[in-house]
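S.K.: kindly return the folded structure for what I paste below:
(3 chains)
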Amino acid sequence: MESLKKKKQRAEKIFEILDPLYTTEKTALKYSTPFELLVSTILSAQCTDERVNQVTKVLFKKYKGPEDFVKAPISELEEDIRPTGFFRNKAKSIKACSQALVEKYNGEVPSTMEELIKLPGVGRKTANCVLGAVFDVPGIVVDTHVKRLAKRLGFTDNTDPDKIEKDLEKLLPKDKWRRFSDLLIYHGRAVCKSRKPDHAHCPIFHLCPSKEI
DNA sequence: CTCCCGATAT
DNA sequence: ATATCAGGAG
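M.R.: Next up is the predicted model:
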């Protein structure tokens, strides 16, 4: 059983190696306001960022703020976001979420975890995403990539995202949380892929226990 | 745990 | 054909 101290050392090294490698990520969600990021993140569930950006490029011209989503007929909104998948659930979430923002927060996106996760369709992953990107609040975004890499790297045995988040928090100081989860996501997309991890081009292969399996 | 769900890579 | 993609709710 690897000690926490050893894990921390490994996490630090991994951070130092990956940090300079993923500097200009072009495939990130595009948005111009906190609200747009919130909507984009809801749409990103089980869908690539690229496709979300395709959809939001048109979507945000039609819907300028939460008020416009509240006004829109649900069936119309469903069609507007259809290519992102889970379109009925997502349309419902976005509409209910927009309504809550208008009613409780004067149309603004709240800036705390407690408030954000109360919004319909917003869980810790989406909340951390928004908190980190527009409010500069430290947090580990546990999405499917982070989940997979944390396991492969031997940083967690848990499958519950909330527990994985806490396991990863122990490894690095707060100011590195956000960047660390972003790095894991980029590395997960580019190299440590779900189906065919590219061991030959992995710069942290020597720090990964999965190579022994 | 299951369901939601279209598009792409393998 | 099947697994997977910046998840969340019931």
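S.K.: per-domain residue ranges of chain A.
M.R.: Per automatic domain parsing, the structural domains of chain A span A:4-25+A:139-212, A:34-134.
S.K.: can you redo the ones you listed as a markdown table with mean neighbour count and mean pLDDT?
M.R.: Glycine gets a C-beta too; all of them are placed from N, C-alpha and C. Compiled in a markdown table, the domains of chain A are given as follows (neighbours: other C-beta atoms under 10 Å; pLDDT from 0 to 100):
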| stretch | mean neighbour count | mean pLDDT |
| --- | --- | --- |
| domain A:4-25+A:139-212 | 16 | 94 |
| domain A:34-134 | 18 | 96 |
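S.K.: Throw these into a markdown table and include distance to DNA strand C, thanks.
M.R.: Shown next, in a markdown table, are those (distance: least, C-beta to the nearest atom of the strand, whole Å):
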| stretch | distance to DNA strand C |
| --- | --- |
| domain A:4-25+A:139-212 | 4 |
| domain A:34-134 | 3 |
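S.K.: mind checking which of the ones you listed is nearest DNA strand B?
M.R.: With C-beta to the nearest atom of the strand, the closest approach to DNA strand B among the domains of chain A belongs to domain A:34-134: 2.5 Å.
S.K.: check whether the closest one comes near DNA strand B.
M.R.: Yes. Applying C-beta under 7 Å from any atom of the strand, one finds domain A:34-134 touching DNA strand B at A:46-48, A:51, A:82-83, A:85-90.
S.K.: farthest-separated two in the residues you listed?
M.R.: Pairwise distances across the residues of domain A:34-134 next to DNA strand B (C-beta to C-beta) peak at 19.6 Å, for the pair A:Thr48 and A:Arg88.
S.K.: inside helices: which ones of the residues of domain A:34-134 next to DNA strand B?
M.R.: In helices, defined here by DSSP state H, the members of the residues of domain A:34-134 next to DNA strand B are A:51, A:87-90.
S.K.: nearest to A:Tyr63 among those residues?
M.R.: A:Lys90 (13.4 Å).
S.K.: before we move on, the earlier item: same list (the ones in helices among the residues of domain A:34-134 next to DNA strand B) but as a markdown table, adding distance to A:Asn106.
M.R.: Below are those laid out as a markdown table (distance: C-beta to C-beta, whole Å):
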| residue | distance to A:Asn106 |
| --- | --- |
| A:Arg51 | 31 |
| A:Phe87 | 28 |
| A:Arg88 | 28 |
| A:Asn89 | 26 |
| A:Lys90 | 24 |
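S.K.: for A:Phe35, what are its contacts?
M.R.: A:65-66, A:101, A:107-109 (C-beta atoms under 8 Å, 6 or more residues apart in numbering).
S.K.: 10 Å instead, please
M.R.: Residues in contact with A:Phe35 (C-beta atoms under 10 Å, 6 or more residues apart in numbering) are A:60, A:63-66, A:69, A:97-98, A:101, A:107-109, A:130, A:134.
S.K.: among those, name the ones in helices.
M.R.: Secondary structure defined by DSSP H assigns A:60, A:66, A:69, A:97-98, A:101, A:130, A:134 of these to helices.
S.K.: if anything else comes up later, I'll come back, but that's it for now.
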